[in-house]
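**Student:** Dropping the sequence and predicted coords here.
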Amino acid sequence: MADVPRRALVALAAAALLGVSACGGTAASPASSAPPASSVQGGSWTWQDDRGKKITLPRRPQRVVAQSAAAAALWDFGVRPVGVFGPHKLKDGGRDPEVGEVDITKVESIGNVWGEFNVEKYAALRPDLLVAGMYVKDTLWYVPEQSVAAVDQIAPTVGVQLSGKPLVQIIERYGRLAEALGADLTAAPVAEAKKRFEDASAALKRLAADRPGLSVMVVTGTPDSLYVAYLPDHPDLKYWGEDLGLKIVHPERPTESEGGFWEVLSWENADKYQADVILVDARTQSMKIEEMAKKPTWAKLPAVKAGQLYPWHAAERYSYLGYAKVMEELTTNLDKARDDVVKE
């Protein structure tokens, strides 16, 4: 469980995506207009990623391999990777939520858990490009440190910075990358997803305005500790709290050893913060609510006693469709929650 809490520390959290040769490459539609960070000139293709690294290829990449969350975001914009790595398949064979809408029967898997990345399989896919998000600066999520050199020799890599950026800006960045890879951002599914995201944002903002006293806290747990999310370091929480006005209870500062993102509490101190609603990390590797219920201090929290515990999709893909669904669910859950379980 040590890899669960620190969302930014690659040793924690989740996801990836892979593809088979027979599945082809990226979206068929050519980009309607090249984004500022990329260009296609004389048949060549360039992109400057969030490490400041400029990638130049003789043609637009066709065979893309991506970390599962990145694959899920690109998929929603119309790009079809050939391979994925990171959480994408559950033990029962079903699709891990972290890989979004990706059809895992049509992509090659090169790794499904933290630290698992099959370099030989990756090379066999003949990739043109690898894409992964970055929570830690200049560190591609779910690419094991010991595999970086080999991966770099096989194909260029693109990193998308996920921490320290506004939620909408990250989504737009993935959109521009997808467009550079041949996706059509004017396609109906993309336009509909964006409208759905805007509507979901507006609905959550209305709820926050109508119920200013409703307080929310976001946590994840391990057998030894409770981790309380530090709002400024999570793009989704920052968007809900600062842009939409949702009252989110969070630490004044994170625990230094975590590199940000969380304050770490012993279970004996699980009552340091209280809120009407608690959102609990829904990732498969995180501690389950039933397990947390066995911790006495946790069990006494007002939100726990009131049954106002709902999922937090910590590794949601950064796409309009992904976060539209998250906010729709969140608004539905908060709408039925009491806002008086914490007594002042």
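**Tutor:** Cool, got the structure.
**Student:** then stretch 180-188 to CSV, C-alphas only?
**Tutor:** What follows is stretch 180-188 as a C-alpha-only set of coordinates in CSV (Å, rounded to 0.1, in the frame of the first residue of the first chain):
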residue,chain,number,x,y,z
ALA,A,180,-1.4,17.2,-33.2
LEU,A,181,-1.6,13.5,-33.4
GLY,A,182,-4.5,13.7,-36.0
ALA,A,183,-7.6,14.0,-33.9
ASP,A,184,-10.5,16.2,-35.0
LEU,A,185,-11.4,18.4,-32.1
THR,A,186,-14.5,19.6,-33.9
ALA,A,187,-15.9,16.0,-34.0
ALA,A,188,-19.3,15.7,-32.4
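**Student:** Name the residues of it that are buried.
**Tutor:** Ala180, Leu181, Gly182, Ala183, Asp184, Leu185 (16 or more other CB atoms under 10 Å). Heads up, the C-betas are built off the backbone N, CA and C, glycines and all.
**Student:** what is the mean pLDDT for whichever helix or strand Glu192 is part of?
**Tutor:** Using DSSP states H and E, Glu192 falls within helix 188-210. The average pLDDT for helix 188-210 rounds to 98.
**Student:** Same check on stretch 316-327?
**Tutor:** pLDDT averaged over stretch 316-327 gives 97.
**Student:** State the distance from the nearest residue to His250 once chain neighbours are set aside to Asp92.
**Tutor:** In this structure, His250 finds its nearest non-sequential neighbour in Leu231, 4.2 Å apart by CB to CB, 6 or more residues apart in numbering. Distance from Leu231 to Asp92, counting by CB to CB, to the nearest Å: 35 Å.
**Student:** who's more crowded, those two?
**Tutor:** Leu231 (18 against 5; other CB atoms under 10 Å).
**Student:** Which residues are in contact with the more buried one?
**Tutor:** Leu237, Lys238, Gly241, Glu242, Ile248, His250 (CB atoms under 8 Å, 6 or more residues apart in numbering).
**Student:** run the last query once more with 7 Å
**Tutor:** Leu237, Lys238, Gly241, Ile248, His250 (CB atoms under 7 Å, 6 or more residues apart in numbering).
**Student:** Isn't the second one up against Pro232?
**Tutor:** Yes. If you go by CB atoms under 7 Å, Lys238 and Pro232 touch, sitting 5.9 Å apart.
**Student:** Next, show the common contact partners of these two.
**Tutor:** By CB under 7 Å, 6+ apart, no residue touches both Lys238 and Pro232.
**Student:** Quick check: the two most widely separated of the contacts of Leu231?
**Tutor:** Lys238 and His250 (9.9 Å; CB to CB).
**Student:** Look at the two and report which has more neighbours.
**Tutor:** More crowded of Lys238 and His250, by other CB under 10 Å: His250, with 23 against 18.
**Student:** Can you read off the pLDDT for Lys137?
**Tutor:** pLDDT recorded at Lys137 is 89.
**Student:** For the closest residue in space to it that isn't next to it in sequence, give its distance to Gln48.
**Tutor:** Among residues not flanking Lys137 along the chain, Gln161 sits closest, at 7.6 Å (CB to CB, 6+ apart). Here Gln161 is placed at a distance of 12 Å from Gln48 (CB to CB).
**Student:** Those two: which has the busier surroundings?
**Tutor:** Higher neighbour count among Gln161 and Gln48: Gln161, with 18 against 15, using other CB under 10 Å.
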